[in-house]
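Engineer: Take a look and give me a structure for this.
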Amino acid sequence: MKIPISHRSTQRQQRLFFLGMLVLFIPCLFYLDLSYGQFASGLERIPDMARQMMHLSFEELPKMLRELLTSIIIAFLCVVLSVLISLLLAFVVARATTPNRYVSAALRAMIVIIRTIPTTIWVLLAVASMGFGPMAGVVGLLLPTIAFLIRVFSDQIDEAGRDTAEAIRSVGGTWWHVVCNGLLPTLLTGFLALIAFKFEITVAETVILGIVGAGGIGVLLQGYISFYEFAPLMLGMLLVFITLFLLEMGTNLIRTKLAGKGSK
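Structural biologist: Below you'll find the model as predicted:
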């Protein structure tokens, strides 16, 4: 006797999905006009590039470390400013705690608009208005980071806050009592874990967006790529890898400890 593991409608939807992906795959290949010759020639150049990148140049190490520190500081300032703004607005946006549902709906619409525009576009707009440098990086990353944090914070508030908010209001508590005395102490552990996770992502973004003029080590990497300076490029890539690896290990440790405290 066979035991069905899914509904027939679900299986049918899955088949249609994969069939649609297969049908679209071939036209997409032809639309992009992918060249096998270009791919093959690129593969032939890989050994030569690998040999060049095996030689590390430490001449510009001090400059790289300064610019890497700049990237980390850009991410840190951006996340701190975003948290200060997002913590208050998240309680206004969340349906469980919003003082006005029309304001909540308007803010949700703004968040959707901000999140649909790629972060690179925001940084390019900041670079166009303020010029190249860290200022453009902080300003360009600020809006998408705020939108992300408001979204995840408000979702957590809606998941955990409705019963608490109703209980506090039933005994005469104000909106500030609901936020400061009821929900924030309960949700703070989860918020801190999300902030640590977002900081890790933002550091990676600053490295990438530095290539378009947001400051930091990305500017140096772009210069090395442009002039085919593989030796310093490899050192820069190693520094970025080590930094992001350590950040991920650190944020994972923080999230694990916070999760352990939150479960007690």
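Engineer: Which pLDDT value goes with F91?
Structural biologist: F91 carries a pLDDT value of 88.
Engineer: Cross-check the contact I'm expecting between it and V103.
Structural biologist: No - in this structure F91 lies outside contact range of V103 using C-beta atoms under 8 Å: 11.5 Å. For every residue, glycine as well, the C-beta is placed using N, CA and C.
Engineer: So for those two, which residue has more residues nearby?
Structural biologist: A direct count of neighbours by other C-beta atoms under 10 Å for F91 and V103 places F91 higher, at 27 against 13.
Engineer: Could you measure from that one over to R115?
Structural biologist: The gap separating F91 from R115 is 19 Å, by C-beta to C-beta, to the nearest Å.
Engineer: With M249 instead?
Structural biologist: For M249, the distance to R115 - C-beta to C-beta - is 28 Å.
Engineer: Repeat that for M49.
Structural biologist: From M49 over to R115 the distance is 37 Å, taken as C-beta to C-beta.
Engineer: Looking at the two, which is more packed in?
Structural biologist: Ranked by neighbour count (other C-beta under 10 Å), M49 and R115 place R115 first, with 15 against 12.
Engineer: And that one, how far from F132?
Structural biologist: Distance from R115 to F132, by C-beta to C-beta: 25 Å.
Engineer: now the helix or strand bottoming out on mean pLDDT in the chain, how far from the centre of its chain.
Structural biologist: Lowest on mean pLDDT, DSSP states H and E among the helices and strands of the chain sits helix 175-176, with a mean of 74. Offset of helix 175-176 from its chain centre (C-alpha atoms, centre = their mean, to the nearest Å): 30 Å.
Engineer: Tell me which other helices or strands the helix or strand that that helix is followed by touches.
Structural biologist: Elements were assigned by DSSP states H and E; along the chain past helix 175-176, the next helix or strand is helix 184-209. Using 3 or more C-beta pairs under 8 Å, 6 or more residues apart in numbering; DSSP states H and E, the elements in contact with helix 184-209 are helix 61-93, helix 119-130, helix 134-170, helix 217-226, helix 230-263.
Engineer: and of the ones you listed, who's closest to T10?
Structural biologist: For T10, the closest of the helices and strands packed on helix 184-209 is helix 134-170, at 25.4 Å, according to C-beta to C-beta.
Engineer: quick one: low-confidence parts of the stretch 51-200 of the chain?
Structural biologist: Scanning the stretch 51-200 of the chain for pLDDT under 70 picks out 161-163.
Engineer: circling back to that earlier point, what would the helices and strands packed on helix 184-209 look like in TSV with distance to L19?
Structural biologist: Shown next, in TSV, are these (distance: least, C-beta to C-beta, whole Å):
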stretch	distance to L19
helix 61-93	39
helix 119-130	34
helix 134-170	33
helix 217-226	41
helix 230-263	38
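Engineer: Next one: the residue nearest the centre of the chain from I85, what distance?
Structural biologist: Nearest residue to the geometric centre of the chain (C-alpha atoms, centre = their mean): I201, 4.5 Å. The spacing between I201 and I85, counted by C-beta to C-beta, is 18 Å.
Engineer: what does R45 give?
Structural biologist: Distance, R45 to I85, using C-beta to C-beta: 47 Å.
Engineer: Identify each buried residue in stretch 103-115, please.
Structural biologist: Using 16 or more other C-beta atoms under 10 Å as the test for burial, stretch 103-115 gives S104, L107, R108, I111, I114.
Engineer: This completes my enquiry, with thanks.
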